[in-house]
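>>> quick one, structure for this:
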Amino acid sequence: MSSGRAIAIDNLLLNCAKLRPGSAVLFVNENDSESTSRETVEAIEARAREIGADVRSMWIDHVPGPEDMPAATLDAVVASDVAVFTHNMGGLLRLRPVPGNGLVVHNYAGTDEIMDSPWSRVPYGLWERLSGVIARELAAAREWRITDARGTDVRGTVPEAERAAPAPGDGFTVSTFPIGTHRPTSAATTNGTIVLEWLVSSSNHDVGTGFRLDSPVTAHVKDGRIVDLDGAPANVARVRKQLEEAGRITNQDPYVLSSWHAGTNPQAFTAWQDVTDLSRWQTLAHNNPRMVHFHVVGEETPGEISLPIVDATIAFDGTVFWERGRFALLDRPAIQAELANWPTSEQPFDLNPAIGI
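Numbering: from 1, shown residues only. Coordinates of the predicted model:
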């Protein structure tokens, strides 16, 4: 094993999962998935045993929705101090109360390519620290605006509930490794236009994988709801069919926007292309600052469909936080100074442009 991969595995197990000798750790891994390599997972589990943890490993099939989580797996989570999911269940657990009192981690680094990357080696504690700083900055704001070169121009307000009690980190009860995004911001007051190039399943339920359009469609949004669509008639019809079918399957409003969030980790990247594997592309690419996406179909976060936007400029109260896909907030001297507390040979704030498009 390379020294870089060993650093990344320890970053996952010691710094993120807080594994210690005697910890009861459950690994839940996905069968027949390109996102989960047996060799990578076995190396992670072997290191957990070296640390002195009591390791239990489960390999299960893809789960179509939060209602379908196997009872035996949930019981095993309850019995564990730590549960590490290299499985889509890790994401689904954001949609329901997490069982037990242990720590749950959704692991994106399920292949050697992701585990070998600087994204996985940058000290987890640095991004824990910065996630708190980012959460406080966003919660202090009252208004936001998102624009891009394709014609997207939407704005909205931050609800008082988000401002009064900002959640730490990304706002989810499940930790992610590596960290890559912030707490979703409410889209309930969104007004303006969103230029659609992709519609991608949020992987909450089986509503189809989505698609990339051959020409853009403009969504007109009023008070958090898409009220009209402009573009080539065939593409407009395709968008409507996807949204309405997702709404029918899940019994939710197909046109309501629940929230949005943007990538915060410049080292995040994806090993998959949007034209070859849309779901895996979105799952990893959304952690990079080059991507922001809205959640649509249903009022609960996240909605059933994601609407990605690339290289946007995002301002809060008139101050630019993301500038054409670069996370400008990281330029602040106090944040730059934080790097000195986390010695690393990586370059955590250098933008990796490889987001698969």
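>>> now do the buried residues in whichever strand or helix holds residue 45.
Element membership for residue 45, per DSSP states H and E: helix 38-51. For helix 38-51, a neighbour-count test (16 or more other CB atoms under 10 Å) marks 40-41, 43-45, 47-48, 51 as buried. For glycine as for every other residue, the C-beta is placed from the backbone atoms N, C-alpha and C.
>>> so what are the sheet partners of the helix or strand following that helix and their directions?
Next along the chain after helix 38-51, taking DSSP H and E as the criterion, comes strand 54-60. Strand 54-60 has the following sheet partners, assigned by DSSP bridges: strand 24-30 (parallel).
>>> and the strand it pairs with with helix 38-51, angle?
Per axes from the mean of the first three to the mean of the last three CA atoms, to 10 degrees, the angle that strand 24-30 makes with helix 38-51 is 180 degrees.
>>> give me the number of residues near residue 4?
Counted with other CB atoms under 10 Å, the neighbours of residue 4 add up to 16.
>>> does it touch residue 119 like I think?
No: under the criterion of CB atoms under 8 Å, residue 4 is not in contact with residue 119, lying 11.5 Å apart.
>>> and for the residue nearest to residue 289 when sequence neighbours are not counted, the neighbour number?
Computed as CB to CB, 6 or more residues apart in numbering, the closest residue to residue 289 that is not its neighbour in sequence is residue 327, at 3.9 Å. Look at residue 327: counted by other CB under 10 Å, it has 22 neighbours.
>>> output the lowest mean pLDDT helix or strand found in the chain.
When each helix and strand of the chain is scored by mean pLDDT, DSSP states H and E, helix 160-164 comes last, with a mean of 77.
>>> list the buried ones in that one?
Residues of helix 160-164 classed as buried: residue 162 (neighbour count, 16+ other CB under 10 Å).
>>> could you do stretch 230-242 as well?
The neighbour-count check on stretch 230-242 (16+ other CB under 10 Å) flags 231, 235-236, 238-239, 242 as buried.
>>> closest one of those to residue 300?
Of all the buried residues of stretch 230-242, residue 300 sits closest to residue 242, with 18.8 Å by CB to CB.
>>> just confirm that closest one contacts residue 213, I think it does.
No: using CB under 8 Å, residue 242 makes no contact with residue 213, being 10.3 Å away.
>>> spit out the residues that contact the two alike.
With contacts taken as CB atoms under 8 Å, 6 or more residues apart in numbering, the residues that reach both residue 242 and residue 213 are residue 199.
>>> now do the phi/psi pair for the residue in the chain sticking out farthest from the centre.
Largest separation from the mean C-alpha position in the chain: residue 233, at 31.8 Å (CA atoms, centre = their mean). Dihedral pair for residue 233: phi -50, psi -40, per degrees, to the nearest 10.
>>> so residue 314 bridges to which residues?
residue 146, residue 322.
>>> verify the contact between it and residue 325 for me.
No: assessed by CB under 8 Å, residue 314 is found out of contact with residue 325, at 9.7 Å.
>>> burial check on residue 347, number of neighbours?
13.
>>> over to residue 335?
Residues contacting residue 335 under the criterion other CB under 10 Å number 17.
>>> element containing it?
Applying DSSP H and E, one finds residue 335 within helix 333-338.
>>> output the below-cut-off pLDDT ranges for the stretch 1-150 of the chain.
The stretch 1-150 of the chain contains residues with pLDDT under 70 at 1, 95.
>>> in the stretch 1-150 of the chain, which spans are helices?
Here the stretch 1-150 of the chain has its helices, by DSSP state H, counting those that start in this stretch, at 3-10, 38-51, 71-78, 89-92, 112-115, 118-121, 124-139.
>>> any idea which of those gets closest to residue 202?
Of all the helices of the stretch 1-150 of the chain, helix 89-92 sits nearest to residue 202, with 8.6 Å by CB to CB.
>>> quick check: buried residues in the lengthiest strand in the chain?
In the chain, ranked by residue count with DSSP state E as the criterion, the top strand is strand 210-222. Across strand 210-222, burial judged by 16+ other CB under 10 Å covers 210, 213, 216-219, 221.
>>> can you list these in a markdown table and add pLDDT and distance to residue 89?
Shown next, in a markdown table, are those (pLDDT from 0 to 100; distance: CB to CB, whole Å):
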| residue | pLDDT | distance to residue 89 |
| --- | --- | --- |
| 210 | 91 | 21 |
| 213 | 97 | 30 |
| 216 | 98 | 34 |
| 217 | 98 | 33 |
| 218 | 98 | 36 |
| 219 | 98 | 31 |
| 221 | 98 | 32 |
